[in-house]
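>>> Need a 3D model of the following:
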Amino acid sequence: MNGTAALRRSLGGGGGAAGGGASEPAPVTTLYVCKDEAGFGMKVSGDNPVYVQSVKEGGAAARAGLHAGDKIIKVNGVNVMQSTHTDVVKLIKCEYIYIYIPII
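Okay, here's the model as predicted:
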C-alpha cells in the first residue's frame with residue numbers, strides 16, 4: 001500500500017504582523033520517508049490534530065528531517081486535522097510516506 005502524509009511543524013511565538021495582524025502560512029517542503037527494517041522510526045500522539053511525539057535517532061524519519069512536535073495535517077491526501085490518533089496510524093501503515101513541513 002502506498003501512502004502520503006503531510007505534517008506542519010508547530011512554530012512557537014505566533015509570528016504575524018506587528019500590531020496583531022494575521023500571519024501567512026509558512027512555505028512548505030516535501031520530505032520522503034521510506035520505512036526501513038525498524039519501521040518509520042517515529043511515534044505519533046494526540047487527536048485533532050495528531051503530532052509526531054518522538055523521532056528515533058538515526059531512524060527513517062530522522063534521516064528525512066522530521067522532528068518531535070511536527071503537526072500532521074494530511075495523510076494519503078486526506079486532511080487529518082480533525083482525525084483521531086487511531087485513524088492517522090491506520091493511514092500511515094505503508095512502505096513509504098511523503099511528508100510536508102514548513103521551510104524554516
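>>> Okay, buried residues for the longest helix belonging to the chain please.
In the chain, assigned by DSSP state H, the helix with the most residues is helix 85-91. For helix 85-91, a neighbour-count test (16 or more other C-beta atoms under 10 Å) marks 85, 88, 91 as buried. For every residue, glycine as well, the C-beta is placed using N, CA and C.
>>> name the helices or strands packed onto it?
strand 42-45, strand 70-75 (3 or more C-beta pairs under 8 Å, 6 or more residues apart in numbering; DSSP states H and E).
>>> Can you list the residue ranges for helices in this structure?
Counting by DSSP H, the helices of the chain are 60-64, 85-91.
>>> Please produce JSON lines containing those helices, extended by mean pLDDT and distance to residue 30.
Formatted as JSON lines, these follow (pLDDT from 0 to 100; distance: least, C-beta to C-beta, whole Å):
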{"stretch": "helix 60-64", "mean pLDDT": "92", "distance to residue 30": "10"}
{"stretch": "helix 85-91", "mean pLDDT": "89", "distance to residue 30": "17"}
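>>> With distance to residue 34 added, can I get these in TSV?
Shown next, in TSV, are these (distance: least, C-beta to C-beta, whole Å):
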stretch	distance to residue 34
helix 60-64	6
helix 85-91	17
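>>> Of those, give the one that comes closest to residue 73.
helix 85-91 (10.5 Å; C-beta to C-beta).
>>> Relative to residue 31, which of the helices and strands packed on helix 85-91 is closest?
Once these are compared by C-beta to C-beta, strand 70-75 is nearest, at 9.9 Å.
>>> The nearest residue to residue 33 once chain neighbours are set aside: neighbour count?
In space, and not counting its chain neighbours, residue 33 is closest to residue 64: 4.3 Å by C-beta to C-beta, 6 or more residues apart in numbering. A count of neighbours around residue 64, defined by other C-beta atoms under 10 Å, yields 20.
>>> Where does pLDDT dip in this protein?
By pLDDT under 70, the weakly predicted segments of the chain are 1-23, 26-29, 76, 99-104.
>>> for it, what spans make up the strands?
Using DSSP state E, the strands of the chain run over 5-9, 28-34, 42-45, 51-55, 70-75, 78-79, 96-102.
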